[in-house]
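**Student:** return atomic coordinates for the entry below.
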Amino acid sequence: MTDFADLHKKAEAATSGPWEVHETIISGKKSIWIGSAYPGWIYRVLSLNSTRGNPTQRDANAAFIAAANPQAILSLLDAIAVKTKRTEMLERMDAEAAIHVASVWAIYQDATTNNHLVRGQHDIEPSAFHRATKAMERTP
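**Tutor:** As a prediction, this is how the structure comes out:
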């Protein structure tokens, strides 16, 4: 798993979002910059003044950078953390279930092999044993 602590720290230290793409004309040339709007003023975060390259690509890059503002990154990191915890919990539950199924399967195998299908022979509640054996019979 990737450690996102450094990215989290950088996102918290950066100018908060949302960021917006702004266009101005300077000396007859289009200038694109990304900024965060506050009441009464705009804080410039990044300027893209290059006249070289593909203008469409430059505009797309500016839009992407604006969308990837600190608020968006922190939201993504929070969502990843929630999903990671859930995945870890489900993996633990899966391992515990596998152990339980294996033990029920062993009891079933012993009971059918040695003809011990007598009530109370194994340390398992009879209705649970019956449900488990029926489920095992349906499993290929």
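
**Student:** could you say what helices and strands the top helix by length along the chain packs with?
**Tutor:** For the chain, the longest helix by residue count, based on DSSP state H, is helix 70-113. Applying 3 or more CB pairs under 8 Å, 6 or more residues apart in numbering; DSSP states H and E, we find helix 70-113 packed against helix 5-13, helix 126-138. Where C-beta positions appear, they are placed from N, C-alpha and C, glycine not excepted.

**Student:** please parse this protein into its domains.
**Tutor:** 18-68, 86-138 (automatic domain parsing).

**Student:** by mean pLDDT, show me the worst of those.
**Tutor:** Sorting the domains of the chain by mean pLDDT places domain 86-138 lowest, at a mean of 71.

**Student:** which strand runs longest in the protein?
**Tutor:** Criterion DSSP state E: the longest strand present in the chain is strand 29-38.

**Student:** and that one with helix 70-113, angle?
**Tutor:** Per axes from the mean of the first three to the mean of the last three CA atoms, to 10 degrees, the angle that strand 29-38 makes with helix 70-113 is 70 degrees.

**Student:** neighbouring strands of strand 29-38 in the sheet, and parallel or not?
**Tutor:** Here strand 29-38 is paired, per DSSP bridges, with strand 19-26 (antiparallel), strand 41-48 (antiparallel).

**Student:** relative to residue 4, how far out is residue 59?
**Tutor:** Per CB to CB, to the nearest Å, residue 59 is found 29 Å from residue 4.

**Student:** now swap in residue 11 and tell me
**Tutor:** 9 Å.

**Student:** identify the contacts common to these two.
**Tutor:** Residues touching both residue 11 and residue 4 by CB atoms under 8 Å, 6 or more residues apart in numbering: residue 77.
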